[in-house]
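K.L.:
show me how the following folds:
(chains A and B)
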Amino acid sequence: MSWEYLVNHSPALIIIVPLLAAFGTPLIGRFSRKAMYIWIIASLTLTEIIAIIILHTVYISGKPMVYVMGANPYNMAVPPDSGGIPIRIIFTVDAFSSFMAFVASTVALAGGIYSISCEAQQSAQEKYYALLLLMLVGMLGMVLTGDLFNFFVFLEINSLASAALVSYRIDKGLAVEAAFKYAIISSIGALAFLFGIGILYGEYDALNMAMIASRMKFTDLDKIVMALFTVTLGMKAGAIPMHYWVPDGYGKAPGAISAMLVTASQASLYGLFRVSFTVFGLAANTATLGWFIIMLGVLSMFVGVTMALIQHDIKRLMAYHAISQTGYMLLGVGVGLATLGTAAFNQYGLAAMEGGIFHIINHAMYKGLLFLTAGAVIYRVGTSDLNKMGGLAHTMKYTTIFFMIGALSIAGIPPFNGFASKLLIYESVYQFNPVLSILAMIVSILTLASFVKVFHSAFMGPKIHDVKEVPKSMLIGMAILTFFIILFGLFPNIALNYLVAPAAKALANPLGYIARVLGGGA
Amino acid sequence: MKRAVAAILAILIFIVLGLAFAKIPFGNVNLEDYHYYNPIQDKQTSDSVPAHYLKEGKNETGSTNIVTAVVVDYRGFDTLGEVTVLFLASTGVGSVMYIFEKEKRRKVRRANAVVETASKLLFGFIILFGAYIFVHGHLTPGGGFPGGAVIASSFLLLYLAYPKFHAEHKSLNVAESLAGLTFVGVGLIGLLVASYFLYNFLPFGLPTYLFSAGVIPIIYVAVGVKVGSELTGIVDAMMGVRE
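P.N.:
Down below sits the predicted model:
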């Protein structure tokens, strides 16, 4: 087991570790609860380490990693006797994939540690942790795979695990209802996605994204496929006309799961970007598709935040903010897509994409943190209604500080990470179209207003509830995410140079992706 | 006790039958060269994924049943994912249905003597048939998923015939966990022995015979046990507590 061996097989190992852990959890949970906690945290930590190894390898080599499932040797994407086409399932890990894998496994690690205390009173815990690990498997598979049908399989794993976890608290049937809604909508979406894959397979005899992209002729059928993919993945990401499951799903899930649902939605967002850039990017009219994504983004930003202003349930309010923040990512990357291939791309399009992609990691960290603090408040107070809270800053000091950091970050206040990515988006989108940029700023102001309200009604004022600070493991979970918020806020260059810029460049370069797979992968 | 003896007897009979069948070829040895016709491009193609499956499938995987070659070998990773989806469904149903156990007890009448006797007689045979389907998955139509569903249907028969019948949750959970671990474990052994994940590391043997196709039968047995125990678990959770 040399270092090189580990690096070469890391795309497979990052799926195997949480999958094996998930299948083993019900067995170990039977013997001892403590052993199960150690097993969970160890596997989540190992997954995080492998994610960092992948991130490092892709950054150093500067080109996508290729891993073929079940082939000999592992990187033989195109077997010699196949006539130049990939046969097996191929993981194609470029800088954007490894970036998303890092985001997903970090939030899952924080959520896993947080859950140990938060869910300690619940029954059927081994099921909860098995589902949590499988949800991580779903996200990682979606962002790492280079095969459309494989993407669909992991999309299903992700949706089903999320739906089961949303219903975990039951909550007199309310959580079950939310989960039912989510399960129905995401199954319909997944089937529409499968229909699109079927059309592509019928046309091009291939399921591999690179292969389809290289054969893409952009016929009328492909336009239908593009519409199916954009709508279903936009729905799973929670963009506005398809957002109706988000407030219920995020609002009723346990705290740690709400945080992970954010990254689960972002995995679908990854799928949307991957499909529009890599699969359709070469043949389709990217300006039109880009404007469509921009419009989705602007709608999500504006409607999301205005809906959030009137909420008085802390998690529902944050869920609407999650919709609104997703709009920023769609806006930034949409501008990049709309200008792809023109001179404007190098002027400001790439910067807009960097802003949008940077916002993905920032949003995962601060919205994850905010959901964890909301979970902590509900854990102690027992209600999620803001009108019944107050004065929590008297006793829950650390939670208050974490909430403040998260709230200032989401509003884009300077020393925190939200500011860095929002500034990038404002600057570059202003050159593209000033109206969009001004709208984005107005949304940011409304976000601040909304979080001032939450902060005031939950944490300020006289002491109403006689509660203690939350247990240590919950604080550790929140601290992990806070660390990244402050790190990326104080030194945005670290994130930009090592994580974001390679990811944006990889996404904007579909030819490199295709050549890497069809060139044999070696 | 009685039940355990019956189960052991059934397994023994099954092994004996299986060994007897091991010398009989299933399917045609010399398959003709298939030509794949693509309806949308309106031409015969040879450089496409489906054409490759048909042409090279038997040589590359050792499986006589090309569908199985695709499901378990070429796209084995997808199958691992689908097995996980079923695990999720049964775990999810289990965790949602959990509360109803204490609250609601339904009164159920006894089934009549014909159903009771017939289900007792048929139970073993249905299990045998299910096991046959997944053990022979690489030779004849069928495989882990239909075989598991057949096994679950035998338990469904017991639920219908006996109001008080309950499959043991613990052994079901253990079975499904172990089967899942076997699938991932086989993939991992491929990674350790030949250093490729999900690599078919066992000898292929003679095509059309029972002991052929390397790890495919092992994976299909694991899938069959997993699907059977999971579907039984879902049926059990949905039946609730009855009197």
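K.L.:
all helices for chain B, in order.
P.N.:
B:2-21, B:49-61, B:66-68, B:76-97, B:100-103, B:113-135, B:144-161, B:169-193, B:216-239 (DSSP state H).
K.L.:
same deal with the stretch 251-400 of chain A?
P.N.:
A:255-274, A:286-309, A:314-338, A:343-344, A:350-381, A:397-410 (DSSP state H, counting those that start in this stretch).
K.L.:
in JSON lines, list these along with mean neighbour count, mean pLDDT and distance to B:Asn112.
P.N.:
Every C-beta, even on glycine, is put in place using the N, C-alpha and C of the backbone. Shown next, in JSON lines, are the helices of the stretch 251-400 of chain A (neighbours: other C-beta atoms under 10 Å in any protein chain shown; pLDDT from 0 to 100; distance: least, C-beta to C-beta, whole Å):
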{"stretch": "helix A:255-274", "mean neighbour count": "28", "mean pLDDT": "92", "distance to B:Asn112": "47"}
{"stretch": "helix A:286-309", "mean neighbour count": "21", "mean pLDDT": "90", "distance to B:Asn112": "58"}
{"stretch": "helix A:314-338", "mean neighbour count": "28", "mean pLDDT": "91", "distance to B:Asn112": "53"}
{"stretch": "helix A:343-344", "mean neighbour count": "12", "mean pLDDT": "83", "distance to B:Asn112": "79"}
{"stretch": "helix A:350-381", "mean neighbour count": "28", "mean pLDDT": "91", "distance to B:Asn112": "53"}
{"stretch": "helix A:397-410", "mean neighbour count": "22", "mean pLDDT": "91", "distance to B:Asn112": "63"}
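K.L.:
out of these, flag the one nearest chain B.
P.N.:
Comparison of those against chain B by C-beta to the nearest C-beta identifies helix A:255-274 as nearest, at 12.5 Å.
K.L.:
between that closest one and helix A:286-309, how many degrees?
P.N.:
160 degrees (axes from the mean of the first three to the mean of the last three C-alpha atoms, to 10 degrees).
K.L.:
kindly calculate the angle that helix A:255-274 makes with helix A:314-338.
P.N.:
Using the same axes, to 10 degrees: helix A:255-274 against helix A:314-338 is 20 degrees.
K.L.:
so where is chain B shaky, pLDDT-wise?
P.N.:
For chain B, applying pLDDT under 70 flags the ranges B:20-47, B:98-107, B:195, B:208, B:240-243.
K.L.:
show me the domain layout of it.
P.N.:
Using automatic domain parsing, the domain parsing of chain B gives B:2-30+B:64-242, B:32-61.
K.L.:
and among these, the most buried is which?
P.N.:
domain B:2-30+B:64-242 (a mean of 18; mean count of other C-beta atoms under 10 Å in any protein chain shown).
K.L.:
make a markdown table out of the helices of chain B and add distance to chain A.
P.N.:
Output for the helices of chain B, formatted as a markdown table (distance: least, C-beta to the nearest C-beta, whole Å):
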| stretch | distance to chain A |
| --- | --- |
| helix B:2-21 | 22 |
| helix B:49-61 | 5 |
| helix B:66-68 | 13 |
| helix B:76-97 | 3 |
| helix B:100-103 | 10 |
| helix B:113-135 | 19 |
| helix B:144-161 | 14 |
| helix B:169-193 | 4 |
| helix B:216-239 | 9 |
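K.L.:
now render the ones you listed as TSV, adding distance to A:Phe23.
P.N.:
TSV is the format used below for those (distance: least, C-beta to C-beta, whole Å):
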stretch	distance to A:Phe23
helix B:2-21	24
helix B:49-61	25
helix B:66-68	23
helix B:76-97	7
helix B:100-103	25
helix B:113-135	19
helix B:144-161	16
helix B:169-193	4
helix B:216-239	9
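K.L.:
tell me which of the ones you listed lies nearest to A:Arg274.
P.N.:
Closest of the helices of chain B to A:Arg274 is helix B:76-97, at 18.0 Å (criterion: C-beta to C-beta).
K.L.:
helices or strands next to the closest one in the packing?
P.N.:
On a contact count with 3 or more C-beta pairs under 8 Å, 6 or more residues apart in numbering or on different chains; DSSP states H and E, helix B:76-97 meets helix A:10-31, helix A:125-144, helix A:148-166, helix B:169-193, helix B:216-239.
K.L.:
much appreciated, bye for now.
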